[in-house]
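In: Provided below are the primary sequence and the corresponding predicted coordinates.
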Amino acid sequence: MSFRTALRTRAAQLAGTIVLSEGWDERVVAAARLLERDGTRVLVLDKTVTDHPRINDVADLLWSRRPDKVRTREEARAAARDPVLFAAGLVALGEADAGVAGATCPTGDVIRAALWAIGPATGIRLVSSAFYMDFSEAANRGAFPEVLTFTDCAVVPEPTVATLTDIAAAAAEDRRHIVGDEPVVAFLSYSTKGSASGERVDKVREAARQFAKAFPNIASDGELQGDAALVPEVARRKAPGSKTEGRANVLVFPDLDSGNIAYKLVQRLGRANAIGPILQGLRRPMADLSRGATTDEIVDVGSVALLQGSANPVTSPEEGR
C-alpha cells in the first residue's frame, strides 16, 4: 500500500468532519465527493455564507479574539461572511475537525484567517509549514525513507534560532500523527559539524542545540549537510556519533529560499509526490492549498489535516488567545 493510499485510509477511519471553503471551484467539489465516498463528512461553503446557522457564533468568536480589528457585531458579521474566515471559525468552534482553503486564494489569506479564528498551539510562537515528500511511487528510491518531511518551505522567510526550533518541534509532532513513525530531525546547512563557519552556520547549530535540549527523547542533530543527514555511510565519515545516524526523516531548512527550492527540485526531478503545504503549529488544523492543486491533491491535504486534528481535541476557542 502506498503512503497516499494509507494516508487516505487512516484519515477516513476517523469518520471526522472537514470544511472546504471554496465550493464554487470544481476541483473542490470533486474532492468533497471523494472524501464523502470514503466516510468523511464534508461541509462545502459557497461565496455567501450569510444564512448559515453558525454565522453569529463565528462573528462573536472573531469579535472576542480581535476586538481591536472589529469593534461592532455588524463588523464581525461582515468579517464572518468571508468563506475562508468562516471555515476557520467553524474549526475553532468544533463544528469541523479540520479546514481546507487556498484553491482560489493566496497562502497569506489562509494563514491570517487561521491565526485570527484558531490561533497558535500552546507553546508555539509562530505558524509554519511542511511538505510531506512521498517517494513510495518513485523509482530508485534506494534506502531513503518512504516519506520525508521538508520544513519550512512556504511560510517563514528568515527564521531565527527560536523560530527554527519551533518549526522543528511542530514538524516532529505532526509527523507522528501523519506518517505514524518516530521523527528523526536534521537541521540542514552548507556545513557539517564545523566544516564551514559563519553566522548562518552558527544559527543552525544553535537551533539544533536548543531543540536537542528541549526534546531529548527525539533523535536530532545539526548542523548537517543533506548527505550527512540522509546517507548513513556519509554520516559515519562526516558526523561520527550523530544521533540521526544518516537516517533523518524530518529535514529542517535554514530559510525559505532553500526549503522551497529543495521541495520543487525533489518533486520535479526526483518524481516525489509533494503533499502540502501543510500548516503546522495551529491549535486546530487549517490546511493551505496550492492554487494549482489537483482534486487528488486536495483530498491528500484534507486527509493530512484530519490526521492533525486527531491529535488536537476540541477545546474552548478562548484557549490560545
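Out: Yep, that arrived.

In: pLDDT weak spots in the chain?
Out: For the chain, residues meeting the criterion pLDDT under 70 lie at 1, 138-144, 311-321.

In: which stretches of it form helices?
Out: Shown for the chain, the helices assigned by DSSP state H span residues 3-13, 26-37, 55-65, 73-80, 83-92, 107-117, 161-178, 199-214, 226-230, 232-238, 256-269, 295-309.

In: export these to JSON lines and tack on distance to Val184?
Out: To be clear about C-beta, it is placed using only N, CA and C from the backbone, and glycine gets the same treatment. Conversion of the helices of the chain to JSON lines gives the following (distance: least, Cβ to Cβ, whole Å):
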{"stretch": "helix 3-13", "distance to Val184": "17"}
{"stretch": "helix 26-37", "distance to Val184": "31"}
{"stretch": "helix 55-65", "distance to Val184": "37"}
{"stretch": "helix 73-80", "distance to Val184": "42"}
{"stretch": "helix 83-92", "distance to Val184": "30"}
{"stretch": "helix 107-117", "distance to Val184": "28"}
{"stretch": "helix 161-178", "distance to Val184": "9"}
{"stretch": "helix 199-214", "distance to Val184": "12"}
{"stretch": "helix 226-230", "distance to Val184": "9"}
{"stretch": "helix 232-238", "distance to Val184": "11"}
{"stretch": "helix 256-269", "distance to Val184": "18"}
{"stretch": "helix 295-309", "distance to Val184": "19"}
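
In: Redo those helices as a markdown table? Include distance to Val147 and mean neighbour count.
Out: Below are the helices of the chain laid out as a markdown table (distance: least, Cβ to Cβ, whole Å; neighbours: other Cβ atoms under 10 Å):
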| stretch | distance to Val147 | mean neighbour count |
| --- | --- | --- |
| helix 3-13 | 5 | 18 |
| helix 26-37 | 21 | 18 |
| helix 55-65 | 35 | 20 |
| helix 73-80 | 37 | 18 |
| helix 83-92 | 25 | 28 |
| helix 107-117 | 22 | 21 |
| helix 161-178 | 9 | 23 |
| helix 199-214 | 21 | 18 |
| helix 226-230 | 13 | 23 |
| helix 232-238 | 18 | 16 |
| helix 256-269 | 12 | 16 |
| helix 295-309 | 11 | 25 |
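
In: Among these, which comes closest to Ser191?
Out: With Cβ to Cβ as the measure, helix 199-214 is the member of the helices of the chain nearest Ser191 (4.5 Å).

In: Any chance you could list what contacts the closest one?
Out: 160-162, 164-165, 168-169, 185, 187-191, 218, 220-223, 243, 252, 254 (Cβ atoms under 8 Å, 6 or more residues apart in numbering).

In: angle of it against helix 161-178?
Out: Comparing the axes of helix 199-214 and helix 161-178 via axes from the mean of the first three to the mean of the last three Cα atoms, to 10 degrees yields an angle of 50 degrees.

In: Select, out of the helices of the chain, the one closest to Thr151.
Out: With distances scored as Cβ to Cβ, the stretch of the helices of the chain nearest to Thr151 is helix 161-178 (4.2 Å).

In: Packing partners of that closest one?
Out: Packing partners of helix 161-178 (3 or more Cβ pairs under 8 Å, 6 or more residues apart in numbering; DSSP states H and E): strand 128-134, strand 147-151, strand 184-188, helix 199-214, strand 250-252, strand 273-280, helix 295-309.

In: So what are the sheet partners of the second one and their directions?
Out: Strand 147-151 pairs in its sheet with strand 128-134 (antiparallel), strand 250-252 (parallel), by DSSP bridges.

In: Highest mean neighbour count out of those strands?
Out: Neighbour counts (mean count of other Cβ atoms under 10 Å) averaged over each of these peak at strand 250-252, with a mean of 29.

In: Please produce a markdown table containing the strands paired with strand 147-151, extended by distance to Leu20.
Out: Output for the strands paired with strand 147-151, formatted as a markdown table (distance: least, Cβ to Cβ, whole Å):
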| stretch | distance to Leu20 |
| --- | --- |
| strand 128-134 | 19 |
| strand 250-252 | 28 |
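
In: wait, which of the ones you listed is closest to Asp296?
Out: Proximity of the strands paired with strand 147-151 to Asp296 was assessed by Cβ to Cβ; the nearest stretch is strand 128-134, lying at 12.0 Å.

In: just the angle between the closest one and helix 295-309, please?
Out: Here strand 128-134 points in a direction 120 degrees away from that of helix 295-309 (the same axes, to 10 degrees).

In: what angle do strand 128-134 and helix 256-269 make?
Out: If you take the same axes, to 10 degrees, strand 128-134 sits at 20 degrees to helix 256-269.

In: now strand 128-134, how far from the centre of its chain.
Out: On the basis of Cα atoms, centre = their mean, to the nearest Å, strand 128-134 is displaced by 6 Å from the centre of the chain it belongs to.

In: Then stretch 82-98?
Out: The answer for stretch 82-98 is 17 Å, by Cα atoms, centre = their mean.
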